[in-house]
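S.K.: Sequence plus the predicted model coming up.
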Amino acid sequence: MLIDHGAAGPVTRASLARDFRALGVRPDGVLLVHSSLRSLGWVSGGALAVVQALLDVLGPGGTLVVPSQTADNRDPSTWSPRPPEAWWPVIRDTLPGFDPARTPSARVGVIPEQVRTWPGAVRSAHPQTSFAAIGPRAADLMSDHRIECHLGERSPLAALDAAGAATLLLGVGFAKATAFHLGEYRVPFPPRRTYGCAILTPDGGRRWCEYEDVALDDSDFARLGADFERHTGVVSAGRAGAAPCRLFPIPDAVEYAQKWFIRYRAAPGAGA
């Protein structure tokens, strides 16, 4: 492990808790965190210390939520890099079925995996876009996650919106702000596509499953987020350790995103 001795000092559980409070994280709230551990600098205790600090600030009445997505559990034709086409049937036939208790999260960082494996953590059931939560509201918030609804009205994201939860972008930008996806579901006639993944069967086996859902697109989220921060005044900016952070209410983000998509994605030249 390389340590930057020129840094101001190690980041600790206590210093992170101070930073989170200064950003506006409050006790007893519901907080969805998107994170990059590396962005924080050298953290004494790593991901464990970060989760401990978040729980310290939220207190026993607060609930911590993270994405525990399994991006690799999808049709091999959509992978990057893409495997040889001749392999696709084999992958579809053998990819392990999603198991909320055992399948690790993928491509969301080490902090979500620390939460997913936390004693008492609850994970939603979606085989591609699950969330995991710790706290008194975890079971309720994670209870409804239909396979044909990645991030819409029958997902934990809608439950977080209804609960008035906040999002903390911890060392990541608005491109990672999952809350914006709920706005995609709330535009008139959103585009849809077919998805595929491996799921468990009631007898303990597995099978390949295909279903239709909204075509998720985060390619313009950075631009959307910049407009959201500029025009609403609800985004709190600061730092935790060395990481730039943004904290904002999910209901405001969803409402703004819905209107933004209607205006810009439907306009001629949208996305150019």
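M.R.: All right, it came through fine.

S.K.: Leu37 is in contact with Gly241, correct?
M.R.: No. In this structure Gly241 lies outside contact range of Leu37 using C-beta atoms under 8 Å: 9.8 Å. Any C-beta I mention is one placed from the backbone N, CA and C, and that applies to glycine too.

S.K.: quick one, strands of the stretch 101-250 of the chain?
M.R.: Assigned by DSSP state E, counting those that start in this stretch, the stretch 101-250 of the chain shows strands spanning 122-123, 131-134, 166-170, 192-200, 206-214, 236-240, 243-249.

S.K.: got the buried residues for the helix or strand in which Trp88 is found?
M.R.: Following DSSP states H and E, one finds Trp88 within helix 88-94. Across helix 88-94, burial judged by 16 or more other C-beta atoms under 10 Å covers Arg92.

S.K.: Could you list the residues in contact with that helix?
M.R.: Helix 88-94 is touched from outside by 75-77, 83, 196, 198, 208, with contacts defined as C-beta atoms under 8 Å, 6 or more residues apart in numbering.

S.K.: out of those residues, which is most surrounded?
M.R.: Neighbour counts for the contacts of helix 88-94, by other C-beta atoms under 10 Å, peak at Ala198, which reaches 22 neighbours.

S.K.: and that residue, what is it in contact with?
M.R.: 73, 92, 95-98, 127, 206-209.

S.K.: got it, and Arg21?
M.R.: Val57.

S.K.: Helix, strand or coil: sort out it for me.
M.R.: Under the three-state scheme (DSSP: H, G, I helix; E, B strand; the rest coil), Arg21 adopts helix.

S.K.: Do you have the helices of the stretch 1-150 of the chain handy? List them.
M.R.: For the stretch 1-150 of the chain, applying DSSP state H, counting those that start in this stretch gives helices covering 13-23, 46-58, 88-94, 110-116, 138-142.

S.K.: Would you mind confirming that Val43 is in contact with Ala53?
M.R.: No. The criterion here is C-beta under 8 Å, and Val43 misses it with Ala53 at 9.3 Å.

S.K.: okay, these two: which has more neighbours?
M.R.: For Val43 versus Ala53, the count of surrounding residues by other C-beta under 10 Å is larger for Ala53: 26 against 23.

S.K.: excluding its backbone neighbours, what's nearest that one?
M.R.: Among residues not flanking Ala53 along the chain, Leu16 sits closest, at 3.7 Å (C-beta to C-beta, 6 or more residues apart in numbering).

S.K.: hang on, isn't that neighbour packed against Val51?
M.R.: No. Leu16 is not in contact with Val51 according to C-beta under 8 Å; the separation is 9.9 Å.

S.K.: What residues are bridge-paired with the residue nearest the centre of the chain?
M.R.: Nearest residue to the geometric centre of the chain (C-alpha atoms, centre = their mean): Pro67, 3.4 Å. Pro67 has these beta-bridge partners by DSSP bridges: Phe131.

S.K.: How far away from the center of its chain is the longest helix along the chain?
M.R.: In the chain, taking DSSP state H as the definition, the longest helix is helix 250-264. Chain-centre distance of helix 250-264: 18 Å, with C-alpha atoms, centre = their mean, to the nearest Å.

S.K.: Could you do stretch 159-172 as well?
M.R.: 9 Å.

S.K.: can you check stretch 78-88 too?
M.R.: With C-alpha atoms, centre = their mean, you get 25 Å for stretch 78-88.

S.K.: How about stretch 124-137?
M.R.: Chain-centre distance of stretch 124-137: 10 Å, with C-alpha atoms, centre = their mean.

S.K.: for stretch 214-229, same thing?
M.R.: That offset, for stretch 214-229, works out to 14 Å (C-alpha atoms, centre = their mean).

S.K.: follow-up on the earlier one: show me the common contact partners of Val43 and Ala53, please.
M.R.: Leu16.
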